[in-house]
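Novice: Can you look at this prediction? I've put the sequence above it.
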Amino acid sequence: MDELRNYARELLEKEEVAAVIGYQQVTEKRTKPIVITDPAETSRLVFNEYCLNNLAVYLTKARIRSLMRTKDKTMKLAIVAKPCDVHSIVALIQENQIHRNDVHIISFNCHGVVKDFGCDFNGDNLAAKCIKCETHKPLYFDKIFGEEKQTPKAGDASLEKINELEKLNSKERFEFFKSEFDKCIKCYACRAVCPLCYCQRCITDKAIPRWIESSSHQRGNFSWNIVRAFHLSGRCTGCGECDRACPMDIPLSLINRRMAMEVKDLFSFVSGRSLETPTLVGNFDKKDSDEIFM
Amino acid sequence: MKIGVFICHCGENISRTVDCPRVAHFAEGLPGVEYSIDYKYMCSDPGQKLIKDAIREHKLDAIVVGSCSPNMHERTFRNAAVSAGINPFLVEIANLREHCSWVHDDVEAATEKAIELVRMAIEKVKRDKPLTKIRVPVTKRVLVIGGGIAGIQAALDIANAGYEVVLVEREPSIGGHMSQLSETFPTLDCSQCILTPRMVEVYQHPKIKLLTYSEVVKVEGFIGNFKATIKKKARHINEDLCSGCGLCITKCPTKKKSYNSFEENLAFRPAVYVPFPQAVPNIPVIDETVCMYYKNGKCGMCVKVCDRGAIDFEQKDTMLVADIGAIIVATGYKLYNIEKATPESKYKGYGEYGYGKYRDVIDGLQFERIASASGPTAGEIKRPSDGKEPKKIVFIQCVGSRDPSKGISYCSKICCMYTAKQAMLYKHKVHDGEAYVFYMDIRAGGKMYDEFVRRAIEEDHVKYIRGRVSKIHEENGKYIVKGEDTIAGMPVEIDADMVVLATAMIPQDNAPKLAQTIGIPYDKHGFYNEAHPKLRPVESTTAGVFLAGACQSPKDIPESVAMASATASKAIILFASDTLEREPVVAKVNEDLCAGCFYCKKVCPFGAIEVRDIKDVNGIIYKEVAYINQGVCQGCGTCTATCLSKSIELAGFNNEEIFAEIAAL
């Protein structure tokens, strides 16, 4: 922990970065994000199994970006990122939201986080994304801490649910999602936590013409959730923050994960895994399957 | 807003299946519609007058015309509207012909659909915004790629009109394939004699900058404002110093080191060479792959004999950048001459004809060189193998052409004519010789063309056999040609001394690469696509890029020349004013809302989208947004569909307008 704090303090003291985005402890089993610009404050930084938030979402926020701009130059942002959060950063770099040179990635060898604050860290309480995680060591980083440790074993409940839905016919599946989307209160928490929902003005906020009805009845709920799923297809890196943020417990990452599986099957593409591979959307490859075209 | 609705019967084309008066009557009752009428021919003069009068009389703000496809008459009705004082973009066309009457036969249902189409157009026109044409400056200089007859003609026409031309030729000399030909059909005039004066004219023209042994490597920009990067390959001869005396060529010790490609590999050339005696410019090139100096650093004979000191072994490739207003692509063709199918080739060769195996089985261009006075045999018809005069010669047409099983489905168009010409030339030179032609059909459309073929048959007694040849094999110095006479219905066997294959015309090997460099589409064969097969045959779909000659499809000389002059006039039309008018149907980015993901830039097929930096008061970039170059944008709308936050709108087709149309259904 001291290593992380010292390192962050040095970055700030040497003015290599404008700010450090990291985690601070709130209670024994809960952390929250913190943006540090004062070197003295780096003593509050922590990293543990309770660092649930995907801090990559802050990289595109205007108030944080304004920290980067000094009178005469652009400074870097340092970010504490789990290996899975690095996927989001990669996707952001590929979508031109931040340049690789403008972000200083401090990462950790990761053995998983808890599914919710307050839980004990063990196989039963492992976050869904950690169960299927294949990236315990970050793919890109500027500094890495922590030792490699074994991730607790756990069953993949979300995959089981996908398989279960897969067995239903389309009408039954529609009924399932109808009942799930019925719960939506259009709070847009899923949008707020998603690192890839960085549009200045979301399509839902566009009034002329109105693409998505804003009221929380079935039609508007469906439009929103389907548009969200489509806009994230081939882009979602699977951080699962939408699931965690949803106050109505709609299994949003189920849809995202199913779409990601489709993308992987059709195009052998997984979002946020490589800075060299071009993004799926917007790049034409002659080898792409013709079957996707109607 | 006062809207006028005009329903056209299109003679009976629309009114046969659509009850036009009912559509007009229905439209009259719709909100916003001030005036509605149907008429037999809305595009006719009285029809247009009806529109103009109605606009003035009823003080209309916008009009909807229910007629044929906007491709046909949108411009007509827009012009009519403009002359009555309405912005042309406040005119909407409801396509009642192609989208309705032509594709339905039930009058009731078709009328209902026509009403819906008109209703949609009315809802759109209500939201249409007046647009003004975009003006972009024009650089009045043309880049002509390819120095064959097409490129030469285009360059001369443009230069004679007073505009600058940059003519880029890949080979050391201009002239192209025409310079290789002996005599030309149907007049039998000497190809070189009519071509070389044009070549010299190009060289001497003050408005033409000739870049031979050069290639276009990059093209950026858009109509009127291209920027072309041209690689000038190292000649290893200083062009300013060389007098073209040719002493280096005669003294070069590598006389028989490499095949002379101008002579279609029937002769050799030294390492330092000009392709042919009349070459323009008459400046040699040193071939690094053969020259002894580049092999072992020795020799330098040319340096010793050149009293001008023009030899420069250290010369490097140089890059030139030119501002260009229009591009004429005239890269020509090559002949299909693959003896055997190779795995990487899309063509299946004619191994059964022994091309490449038997030295006396040659292609049409090789025969041209043999028949040419400046060729390797000085115009005497001799076999490549032993130099004997062939007494029996077989010409085979459609080798590759019209043969989908070998990879080419099209007709190469010139072979019927040049085969007749070659057979005739042979008969003129070898009086006791026999000439046979195997043909599928004789396609001799053109002025004096059929008469020419008849002359070969009737006056020069060339024997035409309708049928295909199945195999050629060698037997005691003769080539046994086995074929079929389909008219007599019996097999034929001819023991020929020489065989000439009229092989198909195919695009140059690097045609697709050049197309990608310039940004023009090409077909599955590699020929460049014209914008419209009938009405825009010399324009590519990329504005400001024109096509001349055989790079577009097989062409003979008069067609290539005609096309070249057509492209020249297209370029000159472009240069007639100092600025260009462009349709304002282009996309525009809302910079406040753009998130700068640049998916639009990735999908734009025209490269119209650029990155624009938004800076804060201190000049520090705080945001990058997409910016659409209105000169390049073709209004396809791909970016607007791709933009996740819908921050791009296509003028004339914005989301609000389209939504209104759909909502009206």
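Specialist: Cool, the structure landed. Residues are numbered from 1 along each chain as shown, chains lettered A, B, ... in the order given.

Novice: Report how many residues lie close to B:P137.
Specialist: When neighbours are counted by other Cβ atoms under 10 Å in any protein chain shown, B:P137 registers 12. Any C-beta I mention is one placed from the backbone N, CA and C, and that applies to glycine too.

Novice: what's near enough to touch A:R191?
Specialist: The neighbours of A:R191, taking Cβ atoms under 8 Å, 6 or more residues apart in numbering or on different chains as the test, are A:C197, A:C202, A:T204, A:R228.

Novice: Got the phi and psi for the third one?
Specialist: Looking back up the chat, that one is A:T204. Per-residue torsions, A:T204: phi -70, psi -20 (degrees, to the nearest 10).

Novice: mind checking how far it is from A:R228?
Specialist: Noted for A:T204: a distance of 9 Å to A:R228, by Cβ to Cβ, to the nearest Å.

Novice: Quick check: A:A56 is in a helix.
Specialist: Yes: the secondary structure assignment for A:A56 places it in a helix, going by DSSP: H, G, I helix; E, B strand; the rest coil.

Novice: thinking again about what came up before, show me which of the contacts of A:R191 neighbour chain B.
Specialist: Of the residues in these, proximity to chain B by Cβ under 8 Å from any Cβ of the partner chain holds for A:C202.

Novice: Which one of the contacts of A:R191 sits in the busiest neighbourhood?
Specialist: Counting neighbours by other Cβ under 10 Å, the top entry in the contacts of A:R191 is A:R228, with 24 neighbours.

Novice: quick one, helices of chain A?
Specialist: Taking DSSP state H as the test, the helices found in chain A are A:2-13, A:62-68, A:83-94, A:128-131, A:157-167, A:170-181, A:189-193, A:218-232, A:241-245, A:252-267.

Novice: when you scan the second one, is anything in it near chain B?
Specialist: This points to helix A:62-68. Yes: part of helix A:62-68 sits near chain B under the criterion Cβ under 8 Å from any Cβ, namely A:R65, A:S66.

Novice: Please list the residues of the stretch 151-294 of chain A that sit near chain B.
Specialist: A:198-203, A:206, A:208-209, A:211, A:231, A:279, A:281-283.

Novice: Identify the farthest-apart pair in those.
Specialist: A:I208 and A:N283 (31.5 Å; Cβ to Cβ).

Novice: Tell me how many other residues surround the closest residue to A:Y7 other than its chain neighbours.
Specialist: Spatial nearest neighbour of A:Y7, chain neighbours left out: A:K143 (6.1 Å); criterion: Cβ to Cβ, 6 or more residues apart in numbering or on different chains. Taking other Cβ under 10 Å as the neighbour definition, A:K143 ends up with a count of 16.

Novice: just checking, A:K143 touches A:S107?
Specialist: Yes: contact criterion Cβ atoms under 8 Å: A:K143 and A:S107 qualify, at 7.4 Å.

Novice: so who does B:M448 touch?
Specialist: B:P186, B:T187.

Novice: For B:V107, see how far away it is.
Specialist: B:M448 sits 53 Å away from B:V107, going by Cβ to Cβ.

Novice: Okay, now stretch B:229-238: how far is its last residue from its first?
Specialist: Taking Cα to Cα, to the nearest Å as the measure, stretch B:229-238 stretches 21 Å from start to finish.

Novice: mean confidence for that stretch?
Specialist: The average pLDDT within stretch B:229-238 is 96.

Novice: same deal with stretch B:439-446?
Specialist: Regarding stretch B:439-446, the rounded mean pLDDT is 95.

Novice: Give me the contacts around that stretch.
Specialist: Contacts with stretch B:439-446, where a contact means Cβ under 8 Å, 6+ apart, come from B:186, B:397-398, B:402, B:411, B:413, B:416-417, B:419-420, B:450, B:452-453, B:464-466, B:468, B:556, B:558.

Novice: can we see that at 6 Å?
Specialist: Contacts of stretch B:439-446 from elsewhere in the structure, counted by Cβ atoms under 6 Å, 6 or more residues apart in numbering or on different chains, are B:Q397, B:C398, B:C416, B:D450, B:V453, B:R466.

Novice: buried residues in that stretch?
Specialist: For stretch B:439-446, the buried set under the neighbour-count rule, 16 or more other Cβ atoms under 10 Å in any protein chain shown, comprises B:Y439, B:M440, B:I442, B:R443, B:A444, B:G446.

Novice: Next: stretch A:25-45.
Specialist: Under the neighbour-count criterion of 16+ other Cβ under 10 Å, stretch A:25-45 has A:Q25, A:K29, A:T31, A:P33, A:I34, A:V35, A:I36, A:P39, A:E41, A:T42, A:L45 buried.

Novice: Work out the gap between it and the centre of the chain.
Specialist: Between the centre of stretch A:25-45 and the centre of its chain there are 20 Å (Cα atoms, centre = their mean, to the nearest Å).

Novice: distance between the ends of it?
Specialist: The stretch stretch A:25-45 measures 8 Å between its terminal residues, going by Cα to Cα.

Novice: For A:G155, which non-adjacent residue is closest in space?
Specialist: Excluding its sequence neighbours, the residue lying closest to A:G155 (Cβ to Cβ, 6+ apart) is A:I131, at 7.4 Å.

Novice: From B:V585, how far out is the one you found?
Specialist: When Cβ to Cβ is the yardstick, A:I131 and B:V585 sit 52 Å from each other.

Novice: And B:T229, by the same measure?
Specialist: Taken as Cβ to Cβ, the spacing of B:T229 relative to B:V585 amounts to 31 Å.

Novice: one step back: among the helices of chain A, which is the most enclosed?
Specialist: Burial of those is given as mean neighbour count (mean count of other Cβ atoms under 10 Å in any protein chain shown); helix A:83-94 ranks first at a mean of 24.

Novice: Show me where chain B dips below the pLDDT cut-off.
Specialist: Applying pLDDT under 70 to chain B flags residues B:340-343.

Novice: Off-centre distance for the helix ranked longest in it?
Specialist: Counting by DSSP H, the longest helix found in chain B is helix B:107-127. Centroid separation for helix B:107-127 versus its chain: 40 Å, with Cα atoms, centre = their mean.
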